[in-house]
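# Sequence first, predicted model second:
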Amino acid sequence: MPRNDKRPLKGNSLLDFPNDYVVLDIETTGLDPDYDDIIEISAIKCVADEPIDAFSTLIKAPFGVSDFITDFTGITNEMLADAPAISDIFPQFLEFLSDNIIIGHNVNFDVNFLYDTSLKICERPLKNDFVDTMRLSRRMFPDEAHNRLSDLIVRFGIGADVSHRADSDARQTHEVYLHLKSLFQKGGFADALELKRHSSKYLRASDISPDINNLIFDSDIYGKVFCFTGSLSSFTRAAAMQEVVNRGGVCADTVRKDVNYLVIGGNGYKMELENGKSKKWISAEKLMKRGNPISVISENVFLDMLNP
């Protein structure tokens, strides 16, 4: 992700599904961290996807809340009259958050407010990496017109509407995250997220270099260009790419004109047949119709090529 000049130490936005994290949501008096204030923070700490602790508080608004915010959130000036000041509770919140990955919906908004507040009150930036369930859902459901929290809770049967209170929004976001994670683990979404199975970073073809101790020169793979789609059942995407380059082949991140083989992962093959072909598969078929010599092969055929 490009570095934010205004918040140079801000954490990275991850396309990943961690097991340990803090799900959070905030409510504010407006949209601009320079002029508006946080009036509610709720956070749920999870280990192995299970909630183990929670933090939730209303926060006094120095300049009060507008009628619009009250109508939107249900939070009134009377509710905030005896609430603690942000300076009193924010150090406790940071201690609760620790260095955990943050999960939220449209969470960049929350992170920006928290970053600036941390810098102002505690004189240190918020450096936690974060996962945005809206970004994940947009990647996994590109044909859906909207992927708002209100859309997702209905899509997944979680609820009928959001309350725009931090506590309930955080709980619903956690349920949405678990649904997205479960769908991803069932296969069929690897292309959308381009996730690396063995780490939280992106896997790119350029990351794979030949292993000089395991080179195989006499192979039908030599000089051929391979692209992968779907979840592999025999090994990770990285290991499959390594097998290709060790045999003198080339790996591509996308389906392009010089690709010779598109390999359909065994775990994703059945799901893609049932739920629709991946974008890479569709691109390959378009190239085939134009006369490009590209072959779509199963993971089993790929294994046969590795071990003729």
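That came through fine. Residues are numbered from 1 along each chain as shown.
# Could you identify the helix or strand that succeeds the lowest-mean-pLDDT helix or strand in the chain?
Least confident element among the helices and strands of the chain, by mean pLDDT, DSSP states H and E: helix 266-275 (a mean of 50). Sequence-wise, the next helix or strand downstream of helix 266-275 (DSSP states H and E) is helix 279-289.
# for the record, mean pLDDT for that following helix?
Regarding helix 279-289, the rounded mean pLDDT is 85.
# buried set for that helix?
280-281, 283-284, 287 (16 or more other CB atoms under 10 Å). Every C-beta, even on glycine, is put in place using the N, C-alpha and C of the backbone.
# Name the nearest residue to Lys60, ignoring sequence neighbours.
Counting by CB to CB, 6 or more residues apart in numbering, Lys60 lies nearest to Ala83, which is 4.6 Å off, once chain neighbours are set aside.
# so what's that neighbour up against?
39, 57-60 (CB atoms under 8 Å, 6 or more residues apart in numbering).
# so how far is Leu24 from it?
18 Å (CB to CB, to the nearest Å).
# Likewise for Leu15?
19 Å.
# do you know how far the residue nearest to Lys60 is from Tyr35?
20 Å.
# quick one on the thing from earlier: could you redo the buried residues of helix 279-289 as JSON lines and give each row distance to Leu94?
Shown next, in JSON lines, are the buried residues of helix 279-289 (distance: CB to CB, whole Å):
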{"residue": "Lys280", "distance to Leu94": "42"}
{"residue": "Trp281", "distance to Leu94": "46"}
{"residue": "Ser283", "distance to Leu94": "46"}
{"residue": "Ala284", "distance to Leu94": "49"}
{"residue": "Leu287", "distance to Leu94": "52"}
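# show me the contacts for Leu31.
Phe109.
# What helix or strand is it located in?
Going by DSSP H and E, Leu31 is not in any helix or strand.
# Likewise for Leu94?
Residue-wise, Leu94 maps onto helix 86-97 under DSSP H and E.
# residue ranges with poor pLDDT in the stretch 1-150 of the chain?
Scanning the stretch 1-150 of the chain for pLDDT under 70 picks out 1-5.
# neighbour count winner among Leu15 and Leu24?
Remark: of Leu15 and Leu24, Leu24 carries more neighbours, 29 against 17, as counted by other CB atoms under 10 Å.
# Quick check: bridge partners of that one?
Ala43 (DSSP bridges).
# distance of it from Leu9?
Distance from Leu24 to Leu9, by CB to CB: 19 Å.
# next one: Asp167
Relative to Leu9, Asp167 is positioned 29 Å away (CB to CB).
# Neighbour count for the two, which is higher?
Remark: of Asp167 and Leu9, Asp167 carries more neighbours, 18 against 12, as counted by other CB under 10 Å.
# Which residues are in contact with Gly265?
Per CB under 8 Å, 6+ apart, neighbours of Gly265: 187, 190, 228-233, 299.
# What is the burial count for Val23?
30.
# Just confirm it contacts Asp49, I think it does.
No - the pair Val23 and Asp49 does not pass the contact test of CB atoms under 8 Å, sitting 10.3 Å apart.
# Now Ile52: which helix or strand?
Ile52 belongs to strand 50-58, assigned by DSSP H and E.
# So for that strand, what gets flagged as buried?
55, 57-58.
# Show me the helices in the stretch 201-308 of the chain, by range?
Taking DSSP state H, counting those that start in this stretch, the helices of the stretch 201-308 of the chain run over residues 237-246, 266-275, 279-289, 299-306.
# could you dump these to a markdown table with distance to Asp71?
Shown next, in a markdown table, are the helices of the stretch 201-308 of the chain (distance: least, CB to CB, whole Å):
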| stretch | distance to Asp71 |
| --- | --- |
| helix 237-246 | 48 |
| helix 266-275 | 40 |
| helix 279-289 | 42 |
| helix 299-306 | 54 |
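# deepest of these, which one?
helix 237-246 (a mean of 20; mean count of other CB atoms under 10 Å).
# Mind checking the pLDDT average for that one?
88.
# chain center to it: distance?
Taking CA atoms, centre = their mean, to the nearest Å, the mean C-alpha location of helix 237-246 is offset from the chain mean by 25 Å.
# Need the CA coordinates for that helix. CSV is fine.
C-alpha atoms of helix 237-246 as CSV (Å, rounded to 0.1, in the frame of the first residue of the first chain):
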residue,chain,number,x,y,z
ARG,A,237,0.6,-21.8,-4.6
ALA,A,238,4.2,-20.8,-3.7
ALA,A,239,5.4,-24.4,-3.8
ALA,A,240,3.7,-25.0,-7.2
MET,A,241,5.4,-21.9,-8.7
GLN,A,242,8.7,-23.2,-7.2
GLU,A,243,8.3,-26.5,-9.0
VAL,A,244,7.7,-24.6,-12.3
VAL,A,245,10.7,-22.3,-12.1
ASN,A,246,13.0,-25.2,-10.9
